[in-house]
Each structure stands twice: as structure tokens, then as C-alpha cells.
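# Got a predicted structure here, sequence first:
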Amino acid sequence: MIHKFNGYEIVTEIKITEKQYAVGTQPMLYLCFPVTKLKAKTNLIGRTAKTKEIAYFEITENNIKVFLEMLKMFGVLSNSHKHDILQIINTILT
């Protein structure tokens with residue numbers, strides 16, 4: 001399942017995959033966004049990133065709704081994911 005957020009170039013994909021070290025399947029949530037949205041010391045467009053080069057995606061008031069929606073999506077994928085999200089929210093609030 002692929003979900004595109006209105007007004008953003010950000011897409012999420014939910015995929016059911018085989019577990020790496022156990023029997024069964026697990027839900028996975030992928031967040032896809034344009035490389036143009038990454039912040040880095042040097043522009044990444046048109047080149048390969050250097051080894052150990054760091055770039056980050058900044059969460060701002062303009063895109064926070066996307067990330068809150070993504071947290072909700074992640075939390076409903078499984079009981080384990082829900083537990084993880086509740087722990088993250090608890091950490092933020094304390």
C-alpha cells in the first residue's frame with residue numbers, strides 16, 4: 001500500500017515482508033522523500049555522497065503533520081509497533 005500526502009513530495013509505503021531471523025511476516029513502513037529535501041554541508045544533487053557523510057531531513061512546522069500521520073500509521077502496523085510509538089511519545093512528554 002502506498003500513501004501520498006497531499007501537498008507534499010513525501011510518500012509512505014507499507015509492505016509485508018518475511019522476518020529476517022524468525023518464522024513469519026512483519027509489516028514494514030518506508031518513508032520516501034526527495035533527496036532535494038535533505039540538509040547537508042554540501043549539496044547532494046548530481047553527486048554520490050562521501051563515505052560517512054551525514055545529511056538529515058528536518059522536521060518543521062510546515063511538514064510536521066506528515067510525520068504525525070506517519071507515527072499513527074506505524075503504530076497500527078502491529079502491537080509491537082504500537083508499544084514502540086507509545087514509548088517514543090512518553091519519552092517526548094517527559
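It's in.
# how about Val66, secondary structure?
The assignment at Val66 comes out as helix when based on DSSP: H, G, I helix; E, B strand; the rest coil.
# Which helix runs longest in the protein?
Looking across the chain with DSSP state H, the single longest helix is helix 79-93.
# That helix packs against which elements?
Packing contacts for helix 79-93, counted by 3 or more Cβ pairs under 8 Å, 6 or more residues apart in numbering; DSSP states H and E, involve helix 64-75. To be clear about C-beta, it is placed using only N, CA and C from the backbone, and glycine gets the same treatment.
# And the helix it packs on, what's buried?
For helix 64-75, burial by neighbour count (16 or more other Cβ atoms under 10 Å) applies to 66, 70, 73-75.
# mind listing what the residue most central in space within the chain touches?
The centroid of the chain falls nearest to Leu31 when counting by Cα atoms, centre = their mean (3.9 Å). By Cβ atoms under 8 Å, 6 or more residues apart in numbering, Leu31 lies in contact with 10-12, 70.
# contact partners of the longest helix of the chain?
Here helix 79-93 has contacts from 27, 71, 74-76, using Cβ under 8 Å, 6+ apart.
# I'd like the residues you listed as CSV, with pLDDT appended.
CSV is the format used below for those (pLDDT from 0 to 100):
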residue, pLDDT
Pro27, 87
Leu71, 88
Phe74, 89
Gly75, 90
Val76, 89
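# Quick check: the two most widely separated of the residues you listed?
Farthest-apart pair in the contacts of helix 79-93 is Pro27 and Leu71; separation 14.4 Å (Cβ to Cβ).
# Who does Lys4 form a beta bridge with?
Val11 (DSSP bridges).
# quick one on the thing from earlier: could I have the longest helix of the chain exported to PDB, CA atoms only?
Written as PDB, here are the backbone C-alpha positions of helix 79-93 (Å, rounded to 0.1, in the frame of the first residue of the first chain):
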ATOM      1  CA  ASN A  79       1.200  -4.500  18.800                       C
ATOM      2  CA  SER A  80       5.000  -4.200  18.900                       C
ATOM      3  CA  HIS A  81       5.000  -1.100  16.700                       C
ATOM      4  CA  LYS A  82       2.200   0.400  18.900                       C
ATOM      5  CA  HIS A  83       4.300  -0.200  22.000                       C
ATOM      6  CA  ASP A  84       7.300   1.400  20.400                       C
ATOM      7  CA  ILE A  85       5.300   4.500  19.400                       C
ATOM      8  CA  LEU A  86       3.800   4.800  22.900                       C
ATOM      9  CA  GLN A  87       7.400   4.700  24.400                       C
ATOM     10  CA  ILE A  88       8.500   7.400  22.000                       C
ATOM     11  CA  ILE A  89       5.600   9.600  22.900                       C
ATOM     12  CA  ASN A  90       6.200   9.000  26.600                       C
ATOM     13  CA  THR A  91       9.800  10.000  26.200                       C
ATOM     14  CA  ILE A  92       8.900  13.200  24.300                       C
ATOM     15  CA  LEU A  93       6.400  14.200  27.000                       C
END
